[in-house]
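Q: sharing a model that was predicted from the sequence below.
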Amino acid sequence: MKYILISIALICTPALAGVYKYIDENGNVVFTDAPPVEQQTEEVDLPELQTTEKYRPSGSNYTAPGTKKSGKRSGAQARFDFTLSPEDGATIRANGGQITASVNITPAPEIPITVNFYLDGALVAESDSTSAVISGLDRGSHSIEAELIASETGMILGRTAPSKVMIMRASVLRRKLQEEQRKKSQLAMQGITRTR
């Protein structure tokens, strides 16, 4: 019975161990969980350890590392800086309904790349260069994004932030009214010249 009690005491001792402080022979302050017998020690009361859960960003843009997106492995997005033209908040007059979008990539990629251009979330152009013509734009607000992809591996190297642009375009109704007025004035002018 005596041996059982000693065994229990020895097993429980590390669980009850605290932190002790003493000054060694060189004058240094030493902290330990096993104080030497020959030294005068002082037990240190430590504050309770604060713990938090691991932070994980939420939202639709978060993808855990190593997961696949659109069937392609996400690449090291921090390697490149992107600037998209037209810039966010730009107002563009495009009577023909088309604009040129381009991406400035720093540093310049040393591998063959493909740039996908998205208009309002839909893929509208795939280019081997850093620019593309986007056509069929209606009047109003649109969102343009570009995605850089390594051509050989299909790895997504990064994506620009959405650029919100306002497209100004002549109204089809206004053009029809202007054409009708022009025809009327031409007919009126022809009538004046005939009567002379």
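A: Sure, I can see it.

Q: mind listing the helices for this protein?
A: Counting by DSSP state H, the segments of the chain that form helices are 2-16, 172-195.

Q: low-confidence stretches in the chain?
A: Applying pLDDT under 70 to the chain flags residues 1-17, 52-79, 171-175, 192-196.

Q: may I have the strand ranked longest in it exported as PDB, CA atoms only?
A: Assignment by DSSP state E gives strand 140-150 as the longest strand of the chain. The C-alpha trace of strand 140-150 is given here as PDB (Å, rounded to 0.1, in the frame of the first residue of the first chain):
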ATOM      1  CA  GLY A 140     -24.800  51.600 -67.800                       C
ATOM      2  CA  SER A 141     -22.700  50.100 -65.100                       C
ATOM      3  CA  HIS A 142     -20.500  47.100 -65.700                       C
ATOM      4  CA  SER A 143     -17.900  45.100 -63.800                       C
ATOM      5  CA  ILE A 144     -14.600  44.000 -65.500                       C
ATOM      6  CA  GLU A 145     -12.100  41.600 -64.100                       C
ATOM      7  CA  ALA A 146      -9.000  39.800 -65.500                       C
ATOM      8  CA  GLU A 147      -7.500  36.500 -64.500                       C
ATOM      9  CA  LEU A 148      -3.900  35.500 -65.200                       C
ATOM     10  CA  ILE A 149      -3.300  31.800 -66.000                       C
ATOM     11  CA  ALA A 150      -0.100  29.900 -66.800                       C
END
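
Q: parallel or antiparallel, list what pairs with that strand.
A: Based on DSSP bridges, the strands next to strand 140-150 in the sheet, each with its direction, are strand 113-119 (antiparallel), strand 156-159 (antiparallel), strand 163-168 (antiparallel).
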